[in-house]
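>>> what follows is a protein structure lacking sequence information:
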């Protein structure tokens, strides 16, 4: 599982920082999460192939999370893309995109599917053979969802020495990987655990931005491997965080602790601060495993 | 008169080139012309103060000319701007901007005035004491206007030696600057030309992008000082220019020649070419005074 940060600063883009966008590679699928202005250029800078992105998740309709979406969609069309593209985002995102395509008399060369969200309950919005994506309803000034990406439990691993020991025919290997017991020709039943190992534990990633401190998300993200949680402010601006429905680094760390997350990644820093090290320092007073997102950084889990 | 090119490449933004946007400084007024994605960051890079921009002109609603507008408007609001902002552009631009502001529940801190255009005749869309702006209806795949910026003729210059020679009282200086004759106490009439010089000739700038070769614009831009004309293609792609309603460098130069322009500035280059020198070479076979726009370049006239 690999996370590439295209942008992780709040509010306006600047010459040195970019608004929110990130790419999650999980089980060989690439998911683009949020799409602030300039995202398509950040994708180019980070050498992420446009053609590998088939699903874009938009948390909410504040500009620093979606003003780059129309440009990304248009560029995909100008480059002659033919593969379907799926957009998941708040109700209204379709109207914004379609209005701009209509007025520019520019249609996509590919099928564009909108999955508009308006539920306040967590729901599955994407599922295939290897990955499930669920919404995480957040608490912000407009309707906002985080997203939980979960690998599905994979096949059991064949215990090569054991299957040879019992002289099991290769025709039964898939049955073993699926968790089945094996009956030998003499009638002996070999329990699955004797000829296989547990699958690699599936990983999970939760993206939570933008949001106030919101304990209602804890049951959804319980035991998550990696939690990206916004930390717009330091403790000194706690009152401002409350007023604007954003979080402090300490609040992000508290959510990580209570959710029993393994790893916390902080982002969505206000541009009022010089440097971001203090976000880590404050968060670590609550929760030990803290990473700082920064534009262009990537993390493998 | 100073022209700063924020971006001058066609179609998609890339890591090294930007879509169309430019700033014209004329008679101490700053006009932003077109606003492709990333314009606000280009404004920062070129150290142009946001607060000095009160008028934004949008030629047409293709993405590479206006996808940066909503971000620019939003950033002005986030920074607490209070001065009025005027947007001039095709009918529909207001709906696009207002829909996005509505869905993000974000309103501007300043008054936003839309001047929507739908006429196919040239019209005056801005006028104050020193500058007039007129539309230049262009020929493109969607409704498109160029813009003609004209300085108004200034006051006549006082001939200091002559007014001292005739011993004219300072109370009459403004009358002389306004072009009036002076009657001395002895009844002698002094003709204005004897005590004043002609004003500095007013300058004019025509922005024409995007457009096919279109001679109908010639009467509007006749004798213009500086003509910015799109040159998306080289002669080798002449057929593609015709098909897409863009121009070649030679067509841009032909318009400059027939309009009796003093200076041609080329831009809106297709990104298919390596380097832009050949645009100048081809244009110069028709018209001598050719400058190449490039991102970050600026020209004083």
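Looks like it came in fine. Since we're looking at a predicted model, the values are computed, not measured.

>>> wait, residue A:107 sits on residue A:98?
No - under the criterion of C-beta atoms under 8 Å, residue A:107 is not in contact with residue A:98, lying 9.9 Å apart. For every residue, glycine as well, the C-beta is placed using N, CA and C.

>>> okay, now the domains of chain A?
Structurally, chain A divides into domains by automatic domain parsing as follows: A:2-154+A:200-300, A:157-197.

>>> so the longest one, near chain B or not?
I take that to be domain A:2-154+A:200-300. Yes - Domain A:2-154+A:200-300 comes into contact with chain B (C-beta under 8 Å from any C-beta of the partner chain), by way of A:11-15, A:37-38, A:40-41, A:44-45, A:61-63, A:67-68, A:70-71, A:74-75, A:78-79, A:90, A:92, A:95-96, A:99-100, A:103-106, A:141-142.

>>> in helices, which of the residues you listed appear?
For these, membership in helices holds for A:40-41, A:44-45, A:63, A:70-71, A:74-75, A:78, A:95-96, A:99-100, A:103, with DSSP state H as the criterion.

>>> work out for me the element the spatially most distant residue from the centre of chain A sits within.
Among the C-alpha atoms of chain A, the one farthest from their average position, using C-alpha atoms, centre = their mean, is that of residue A:186, at 50.1 Å. For residue A:186, there is no enclosing helix or strand under DSSP states H and E.

>>> please report the distance of it from chain B.
Residue A:186 sits at a distance of 67 Å from chain B (criterion: C-beta to the nearest C-beta, to the nearest Å).

>>> before we move on, what about residue A:259?
When C-beta to the nearest C-beta is the yardstick, residue A:259 and chain B sit 28 Å from each other.

>>> then residue A:197?
In this view, residue A:197 and chain B are 45 Å apart by C-beta to the nearest C-beta.

>>> residue A:115 contacts residue A:133, doesn't it?
No - under the criterion of C-beta under 8 Å, residue A:115 is not in contact with residue A:133, lying 10.3 Å apart.

>>> of these two, who's got more company?
A direct count of neighbours by other C-beta atoms under 10 Å in any protein chain shown for residue A:115 and residue A:133 places residue A:133 higher, at 23 against 14.

>>> tell me which element the closest residue to that one other than its chain neighbours is part of?
Sequence neighbours aside, residue A:126 is the residue nearest to residue A:133 in space, at 3.9 Å (criterion: C-beta to C-beta, 6 or more residues apart in numbering or on different chains). Residue A:126 belongs to strand A:124-127 when elements are defined using DSSP H and E.

>>> name the SS class of residue A:287, please.
At residue A:287 the chain is in coil, as set by DSSP: H, G, I helix; E, B strand; the rest coil.

>>> kindly report the same for residue A:135.
For residue A:135, the assignment made with three-state DSSP gives strand.

>>> what subset of the residues of domain A:2-154+A:200-300 next to chain B is buried?
When burial is judged by neighbour count using 16 or more other C-beta atoms under 10 Å in any protein chain shown, the buried members of these are A:11-13, A:37-38, A:40-41, A:44, A:61-63, A:67-68, A:70-71, A:74-75, A:78, A:90, A:92, A:96, A:99-100, A:103-104, A:106, A:142.

>>> give me the neighbour count for the nearest residue to residue A:68 once chain neighbours are set aside.
Computed as C-beta to C-beta, 6+ apart, the closest residue to residue A:68 that is not its neighbour in sequence is residue A:39, at 3.7 Å. By other C-beta under 10 Å, the residues close to residue A:39 number 29.

>>> need the contact list for residue A:39.
The contact partners of residue A:39, taken as C-beta atoms under 8 Å, 6 or more residues apart in numbering or on different chains, are A:6, A:7, A:18, A:21, A:32, A:68, A:69, A:71, A:72.

>>> distance of the second one from residue B:41?
From residue A:7 over to residue B:41 the distance is 12 Å, taken as C-beta to C-beta, to the nearest Å.

>>> adjacent strands (with direction) for the strand holding residue A:126?
Paired strands of strand A:124-127, with direction, are strand A:131-137 (antiparallel) (DSSP bridges).

>>> could you verify my assumption that residue A:136 touches residue A:218?
No - if you go by C-beta under 8 Å, residue A:136 and residue A:218 don't touch, sitting 10.2 Å apart.

>>> out of the two, which sits in the busier spot?
Between residue A:136 and residue A:218, counting by other C-beta under 10 Å, residue A:136 is the more crowded of the two (21 against 12).

>>> which residues sit in contact with the more buried one?
Neighbour list for residue A:136: A:122, A:145, A:146, A:147, A:148, A:206, A:207, A:208, A:217, A:220, A:221 [criterion: C-beta under 8 Å, 6+ apart].

>>> quick one: residue A:87 is in a strand?
Yes - secondary structure assignment (three-state DSSP) places residue A:87 inside a strand.

>>> show me what contacts it?
Under the criterion of C-beta under 8 Å, 6+ apart, the contact partners of residue A:87 comprise A:56, A:58, A:69, A:73, A:93, A:94, A:97, A:112, A:113, A:114, A:115.

>>> what's the answer for residue A:222, then?
The contact partners of residue A:222, taken as C-beta under 8 Å, 6+ apart, are A:259, A:260.

>>> how about a cut-off of 10 Å?
For residue A:222, the contacting residues are A:204, A:206, A:258, A:259, A:260, A:261, taking C-beta atoms under 10 Å, 6 or more residues apart in numbering or on different chains as the criterion.

>>> out of these, who has the most neighbours?
Ranked by neighbour count under the definition other C-beta under 10 Å, those are headed by residue A:206 with 26 neighbours.
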